[in-house]
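> could you work out the structure for the sequence below:
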Amino acid sequence: MATITCKDFLDRLESWMEGDVHSDSQAHLRNCPHCRSLVEDLKAICGEASNWRADEIEVFGSWEERKRFIRECAARKKQRDC
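Below is the predicted model of the structure:
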């Protein structure tokens with residue numbers, strides 16, 4: 001099984017969060033505390049967000065903006081953890 005990088009994993013993050021889980025991505029998460037922490041955080045956010053009322057949700061923009069925001073947050077978190 002090929003090892004993927006953090007960048008590869010982040011490129012697959014959208015499909016991962018939608019349930020499309022590949023074995024190489026699972027292997028990466030077992031070995032990468034940064035990406036594993038990111039997925040745990042996103043799952044917690046999604047869990048909390050499912051309880052929000054429609055009027056509590058601020059429009060965040062396109063999915064591309066969301067992905068860019070998530071990647072920026074992940075990069076900042078990785079720098080703090082290093």
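> quick one: residues contacting Ile70.
Taking C-beta atoms under 8 Å, 6 or more residues apart in numbering as the contact definition, Ile70 lies against 10, 13, 38, 42. To be clear about C-beta, it is placed using only N, CA and C from the backbone, and glycine gets the same treatment.
> swap in 7 Å and give it another go.
Under the criterion of C-beta atoms under 7 Å, 6 or more residues apart in numbering, the contact partners of Ile70 comprise Leu13.
> equivalent analysis for Cys6, please.
Per C-beta under 7 Å, 6+ apart, neighbours of Cys6: 32, 34-35.
> dump those residues into CSV; add pLDDT, secondary structure and neighbour count as well.
Written out in CSV, the entries for the contacts of Cys6 read as follows (pLDDT from 0 to 100; DSSP: H, G, I helix; E, B strand; the rest coil; neighbours: other C-beta atoms under 10 Å):
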residue, pLDDT, secondary structure, neighbour count
Cys32, 93, coil, 18
His34, 92, helix, 17
Cys35, 92, helix, 23
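> show me which residues of the helix-or-strand element of the chain with minimal mean pLDDT are buried.
Lowest by mean pLDDT, DSSP states H and E among the helices and strands of the chain is helix 63-81, with a mean of 76. Of the residues in helix 63-81, those scored as buried under the neighbour-count criterion (16 or more other C-beta atoms under 10 Å) are 70, 74, 78.
> cool, and stretch 9-23?
By neighbour count with 16+ other C-beta under 10 Å, stretch 9-23 contains the buried residues 9-10, 12-13, 16.
> re the thing from before, alpha carbons of the least confident helix or strand of the chain, as CSV, please.
Taking only C-alpha atoms (Å, rounded to 0.1, in the frame of the first residue of the first chain), the coordinates of helix 63-81 have been written out as CSV:
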residue,chain,number,x,y,z
TRP,A,63,-17.3,25.0,-1.0
GLU,A,64,-14.0,26.2,-2.5
GLU,A,65,-13.8,28.9,0.1
ARG,A,66,-14.6,26.4,2.8
LYS,A,67,-11.9,24.0,1.6
ARG,A,68,-9.4,26.9,1.5
PHE,A,69,-10.3,27.9,5.0
ILE,A,70,-10.0,24.3,6.3
ARG,A,71,-6.6,23.9,4.7
GLU,A,72,-5.4,27.2,6.2
CYS,A,73,-6.6,26.2,9.6
ALA,A,74,-4.9,22.8,9.2
ALA,A,75,-1.6,24.4,8.2
ARG,A,76,-1.7,26.8,11.2
LYS,A,77,-2.5,23.9,13.5
LYS,A,78,0.4,21.9,12.1
GLN,A,79,2.8,24.8,12.6
ARG,A,80,1.7,25.1,16.2
ASP,A,81,2.1,21.4,16.9
